[in-house]
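# I'll drop the sequence and a predicted model, then ask my questions.
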Amino acid sequence: MRKKIVAGNWKMNKTFQEADDLLFEIKEMLNKQNPEDVQVIVCPPTLYLELANDISFESNFFVGAQNVNDNESGAYTGEISAPMLKSMDIEYCIIGHSERRKHFGETNQMLKDKVKKALENEIIPIFCCGELLPERQAENHFNIVEKQLVESLFSLDDYDFSKVIIAYEPIWAIGTGVTASPQQAQEMHEHIRKLIAGKYGKEIADETTILYGGSCNAKNAKDLFENPDVDGGLIGGASLKAVDFIKIANSF
Ligand code: PGA
């Protein structure tokens with residue numbers, strides 16, 4: 001059975017002390033009410049990965065990075081490589097978040113290289129895809145997501161692909177307070193699973209975890225996660241409060 005996952009994307013938030021406090025609260029809450037059969041992942045800013053990892057050893061959450069460079073090492077000032085993440089026992093990495101695509105010009109081709117580099121270093125990519133509002137309004141959302149998957153993921157072999165987690169994040173829903181309806185989420189997740197089945201076969205498609213992201217919160221998580229093809233969430237704003245984040249993780 002495929003994994004249910006709730007991952008928190010802290011983005012560029014929290015000072016060191018705030019991060020320490022939030023991680024401590026997450027640890028305490030998870031130790032009290034650990035959601036059954038749900039994997040919880042925390043993706044803090046790079047600077048706090050070691051701290052998060054240390055605290056995770058006393059709890060039930062995993063740690064992920066928010067980005068990785070597609071080169072092995074070298075003259076890339078300010079960047080973090082997959083071997084560096086691996087050397088710190090980081091097991092997950094968000095790749096292709098729409099904010100990286102928008103503000104840092106990341107293209108499907110670049111993301112393909114990042115996914116490859118992560119997998120070579122035994123890091124599981126949480127690969128983000130999703131359409132802009134005008135693309136949805138033009139009813140082009142299914143094609144846009146298909147193109148993102150085909151160009152960044154579908155050249156992987158079966159073995160590598162089966163490790164990838166996908167996060168569908170309609171860009172119009174990210175940080176806006178406007179969530180995709182459970183029906184809109186299910187429709188796209190079903191579409192994604194069909195595309196995977198077409199490329200890799202039904203067995204791999206059925207095992208692929210597909211998360212929803214975009215204004216998912218403690219109130220609407222249950223309705224979203226109830227859908228057969230929604231296997232959890234990638235949570236931004238609501239992951240910055242331990243109570244809300246843990247509530248979401250307990251929403252299945
Ligand atoms: P949000 O962000 O939950 O704040 O909308 C989700 C994300 O960007 O991953």
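Alright, I've got the coordinates. Given the structure is predicted, the values throughout are model-derived calculations rather than measurements.
# Now do the same contact list for Lys14.
22, 44-45, 48, 240 (C-beta atoms under 8 Å, 6 or more residues apart in numbering). To be clear about C-beta, it is placed using only N, CA and C from the backbone, and glycine gets the same treatment.
# Would stretch 84-94 count as contacting the ligand?
No: contact check for stretch 84-94 against the ligand, using C-beta under 6 Å from any ligand atom: none in range, with a minimum separation of 7.6 Å.
# Show residues contacting the host helix or strand of Asp244.
Taking DSSP states H and E as the definition, one finds Asp244 inside helix 242-249. Counting by C-beta under 8 Å, 6+ apart, the neighbours of helix 242-249 from elsewhere in the structure are 6, 8, 22, 25-26, 29-30, 33, 35, 38, 40, 216-218, 221, 233, 235, 238-239.
# Around the residue nearest to Asp160 when sequence neighbours are not counted, count how many other residues there are.
Nearest in space to Asp160, with sequence neighbours left out and distances taken as C-beta to C-beta, 6 or more residues apart in numbering, is Leu119 at 5.0 Å. Counted with other C-beta atoms under 10 Å, the burial measure for Leu119 works out to 18 neighbours.
# what's near enough to touch the one residue in the chain that gets nearest to the ligand?
The nearest approach of the chain to the ligand comes at Gly236, 2.2 Å away (C-beta to the nearest ligand atom). Contact criterion C-beta under 8 Å, 6+ apart gives 9, 11, 174-175, 213 as the residues in contact with Gly236.
# Then Arg193?
Contacts of Arg193 were listed using C-beta under 8 Å, 6+ apart, and they are 205-206, 208, 210, 229.
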